[in-house]
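Student: 3D model of this:
(chains A and B)
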Amino acid sequence: MLRFATRRLVRSVPVLFVGSFLLFLAVRSAFDPLSKLRQLRDPEVIQRETERLGLDRSVPVQYMKWLKGFVTGDWGVSVRTSGDVRPMISDALVVTLQLLVPALILATVAAIAVGVYSALRQYSVGDHVLTALAYIGLAMPAFWFGLVLIQTLAIWPQRALDLEEPPLYFVGLHSPGQPHSLLDTARHLVLPVLTLTVGLVASWSRFMRSSMLGALSSDYVRTARAKGVPRRQVVVNHALRNSWGPLMTVVALDAALLVGGLLITEQVFSIPGMGRLFLTSLLAGDVSVLLPWMFVTGIAVITFNLLADIGYGLLDPRVRL
Amino acid sequence: MKTVRIGFSRRTGRAMVVGLVAVSLFAACSSDADSSTSDGDSSSTATGAPTSDAPSTDAPAKQGGTIVIGAEQEPDCLDWIATCAGSIWGSYMMQITTIPVVFNVRQSGDDWLPALSSIMASEPVVTAGPPQTVTYTLRSDVTWSDGEPITSADLKYTALQIRDGEDILDKTGYNLIDDIATPDAQTAVVTFTAPYAGWKTLFSGSSGVLPSHILEGNDRAALMKDGYSWSGGPWIIESWKKGESVTLVPNTNYWGDKPKLDKVIFQFTADTAAAFQAFNSGQLDALYPSPQLDAIEQIKAGLSGANVEVQAASGNLEALWLNNASPGLDAQPVRAALAYSIDRAAIVNKVYGPLGVEQPAQSFFPPILSAFGGQDFDVYVRDLDKVTSLMTGDGWAKNGDGLWAKGDVVASYRITTIAGNKRRELMQQVLQEQLNEAGFGVTVANASPADLFGTLGPNGDFDLGLWTLVTTFPDPGLSYAFDSANVPSEANEFSGLNLTRTNVAGLDDLLRQVDVEVDEAARLAATQKIDQLIAESVTSLPLAAVPNILLTAEKIGGSTSINPSEGPFWNLEQWALVG
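Tutor: Residues are numbered from 1 along each chain as shown, chains lettered A, B, ... in the order given. Modelled structure (predicted):
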């Protein structure tokens, strides 16, 4: 297993290298690092920054300089804030993970439960209801669903119970001016996590159902049943175990994309995570943030893929060959 | 110092949000000035002239307590004189409340004018020269939060940092300073290299006065950009948690009236709809939303338990900017015909009607500068017969598509604004419809702020533009936007902001006179002539002052009102909890 993981890890390095160069090319051709400064119309400032950032050199030279800085921890200075980029991204990443990790755990558990239930009771009333709910979940835009949750789980209960404040908060991750507490954080996290979870469960449960149905109709399950293995054991040890693999890949891919893709949820709930950082930087044309941001999300994609491969390898020894 | 910005001109962030961040109250027209209406549970006040002591509630104010205010933008940095300090919200929250200035902007009658601040012992003495000099005399009993006195050395330090510094947001006026002498701790004498009529903008508006005893000899940017613990105002920045909130606490060494509240927290709320829900739920105690359509709709729908203040007497002027170099638009009759094609009142009504703002702007001087302008654009009301007369008189005839054409030139124009601004997109739709009916083709060609103001505008690659002129200090200089010398070109290294390529005979002289004329009466006469000349030549068309809106919970009292120059928190020390 260790050899398998090492091999996959080594293979990831050139992918990351090529990917980062393509990203660099794309970002450099799409954005002008000096766009904000150009609005000052000060040629001296433009000239100085051009030299400082090495923009008068060839693209490969610029890339190597940037890559060296990135690897050594010098991620540069934001054009927008004049602050160091590395803490900006690491802070945003921590915030996003606070939101993402519980959502992923909840969504995975719920998706497996819903998918297995639907597969075991295919075409039952429960299956139809869950299928309908999944389609609704898939069809609902996150921003709208977020606002609906705010209204139904925060505003209405507050009014109905005549509370001074809503039972669940929906601005930020902490109450400003108060010491951080687990309860306070939980009250802030419920709504955004739920917003995120519902969309994921809707999608993943359909995938799990399909995967589980495939497993249940496979020869090895029929054989096990024919040999008299109890149904519960067949479902858990044979069908479910073989259905997890594909779901794990989907979860890993989605999780990687969500590291930088929680833009709407973070925007609605005013959470200063990776999505909002990207949006702010994009609007400001802040290349110095966008490049490492994309590189970090690229690393996340490769890392999660690697984890999925390793997990898949653990579940199915054939993939280690 | 230029105090007016085109769109995002100097203060990028502010501008991008261009007119976006237009705030406060409406009340635009004097006829509405005293009106006040009630709508359901919320009270709504429309005023053109809020006063500093106007209480928002009759309940007695308490001492102490905390309030949370929703802030729709987060500043990029707090080094106020640097290029990274472009956020108007940064200024509202932390600059106005902590940085002393020489001149505040206060209401005087119907006007908002520079008023001597409390750090000054007397009005500065101006000698016309040459060379022009201004002598500032500070009070001896005003101090920074650490107890050190505010002195002439602070003025000198600030002036030289801006004049000689790198990455400075706006050097206007400071770049004309030849010397600044400090004969004693309370006196500073500024000598200019050339006459500068806008001297009142110095040490005021976007710069203020910085503490030399803390910053001199140190890296100012490093000490200020992420926040600072000193203050020369009624508040001190207790914390700035990036992405989350800003907390202000009273400056116990402040020489003036101390804040009534113990703490004010600004919480960053990115989504307007969620911010309104947070306000309704009591998570936020006040909001100062941009008058975008969704905010206007929320206010129109009614807000429970809220005081709503709307003010049209703002410093933000939305206009239809005409590229005077575009084929067809280079002729005055065509520009005039365009102006007669547009029902500006209908547009203003459609966009700002729910806020009570119904009359279009009739001058390029926004309400905050109304004393300097006139009503010269009021002749431009929709009149399609006049359009026909003007166009045919200039040799145009309608082609098979029903559009005006003259030779190879068809009067079909692109209209450009910042992509994603729904309010302006609505305005575009109405303009498109009205202009089509009048025989002008219009296609929408929106762009990002960086493209619009960094590339398209300077290169003249637009025909019609919708953006906002943002005035942050009541000084009537308009040369940056209308002087032909400021048309972006190699001659001025593309630094000019006359994006419309305005070049009207006689206008440049008047604009330059306003820039250097120290005599107020002569300056006023010149500004009124400018307004007249711009209206006659229709180099562009003012549409509306962008109203400002302040929402406060009923528990907030004391004195809340909007200062169209300094924002809604200009007198935050007077805010209090009531009831």
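Student: give me the low-pLDDT residue ranges for the stretch 1-150 of chain A?
Tutor: A:1, A:35-42 (pLDDT under 70).
Student: can you list the residues of the stretch 51-200 of chain A near chain B?
Tutor: A:78, A:80-83, A:88, A:91-92, A:95, A:143, A:146-147, A:150-151, A:154-155, A:158, A:164-166, A:169-174, A:176-177 (Cβ under 8 Å from any Cβ of the partner chain). C-beta here means a position set from N, CA and C on the backbone, and glycine is covered the same way.
Student: go with 6 Å
Tutor: A:80-82, A:147, A:150, A:155, A:158, A:165-166, A:171-172, A:176-177 (Cβ under 6 Å from any Cβ of the partner chain).
Student: Specify the local secondary structure of the nearest residue to residue B:199 once chain neighbours are set aside.
Tutor: Nearest residue to residue B:199, sequence neighbours excluded (Cβ to Cβ, 6 or more residues apart in numbering or on different chains): residue B:134, at 5.2 Å. Using DSSP: H, G, I helix; E, B strand; the rest coil, the structure places residue B:134 in strand.
Student: For residue B:134, give its distance to chain A.
Tutor: Residue B:134 sits at a distance of 26 Å from chain A (criterion: Cβ to the nearest Cβ, to the nearest Å).
Student: For that residue, list each beta-bridge partner.
Tutor: Under DSSP bridges, the beta-bridge partners of residue B:134 are residue B:126, residue B:190.
Student: got the residues of the stretch 51-200 of chain B near chain A?
Tutor: B:76-77, B:84.
Student: I'd like those residues as JSON lines, with pLDDT, neighbour count and secondary structure appended.
Tutor: Conversion of these to JSON lines gives the following (pLDDT from 0 to 100; neighbours: other Cβ atoms under 10 Å in any protein chain shown; DSSP: H, G, I helix; E, B strand; the rest coil):
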{"residue": "B:76", "pLDDT": "85", "neighbour count": "26", "secondary structure": "coil"}
{"residue": "B:77", "pLDDT": "88", "neighbour count": "22", "secondary structure": "coil"}
{"residue": "B:84", "pLDDT": "78", "neighbour count": "25", "secondary structure": "coil"}
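Student: Quick check: which ranges of the stretch 351-500 of chain B have low pLDDT?
Tutor: Flagging of the stretch 351-500 of chain B using pLDDT under 70 yields the residue ranges B:450, B:492-495.
Student: about what we covered before: farthest-apart pair in the residues of the stretch 51-200 of chain A next to chain B, please.
Tutor: A:82 and A:158 (40.9 Å; Cβ to Cβ).
Student: sorry, back to before: in strands, which of the residues of the stretch 51-200 of chain A next to chain B fall?
Tutor: Within those, no residue falls in strands by DSSP state E.
Student: Narrow the residues you listed to just the buried residues.
Tutor: Neighbour-count burial (16 or more other Cβ atoms under 10 Å in any protein chain shown) applied to these gives A:80-82, A:147, A:150, A:155, A:158, A:166, A:171-172, A:176-177.
Student: Could I get the CA-only coordinates of stretch B:199-212 as PDB?
Tutor: C-alpha atoms of stretch B:199-212 as PDB (Å, rounded to 0.1, in the frame of the first residue of the first chain):
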ATOM      1  CA  TRP B 199      -6.400  74.700  -0.300                       C
ATOM      2  CA  LYS B 200      -9.200  73.800   2.100                       C
ATOM      3  CA  THR B 201      -8.900  70.200   0.900                       C
ATOM      4  CA  LEU B 202      -5.400  69.900   2.400                       C
ATOM      5  CA  PHE B 203      -5.300  68.100   5.800                       C
ATOM      6  CA  SER B 204      -9.000  67.300   5.300                       C
ATOM      7  CA  GLY B 205     -11.000  64.900   3.200                       C
ATOM      8  CA  SER B 206      -9.000  61.800   2.300                       C
ATOM      9  CA  SER B 207      -5.800  62.800   4.100                       C
ATOM     10  CA  GLY B 208      -6.300  64.300   7.500                       C
ATOM     11  CA  VAL B 209      -3.500  64.800  10.000                       C
ATOM     12  CA  LEU B 210      -1.100  62.000  11.000                       C
ATOM     13  CA  PRO B 211       0.900  61.800  14.200                       C
ATOM     14  CA  SER B 212       4.500  62.700  13.500                       C
END
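Student: How about the residues of chain B by chain A?
Tutor: Those residues of chain B that sit near chain A, judged by Cβ under 6 Å from any Cβ, are B:12, B:76-77, B:84, B:225, B:243-245, B:247, B:265, B:267-271, B:273-274, B:277-278, B:281-283, B:450, B:453-454, B:493-495.
Student: Could you count how many residues lie near the closest residue to chain B within chain A?
Tutor: Here chain A gets closest to chain B at one residue, residue A:272, 2.3 Å apart by Cβ to the nearest Cβ. Using other Cβ atoms under 10 Å in any protein chain shown, residue A:272 has 23 other residues around it.
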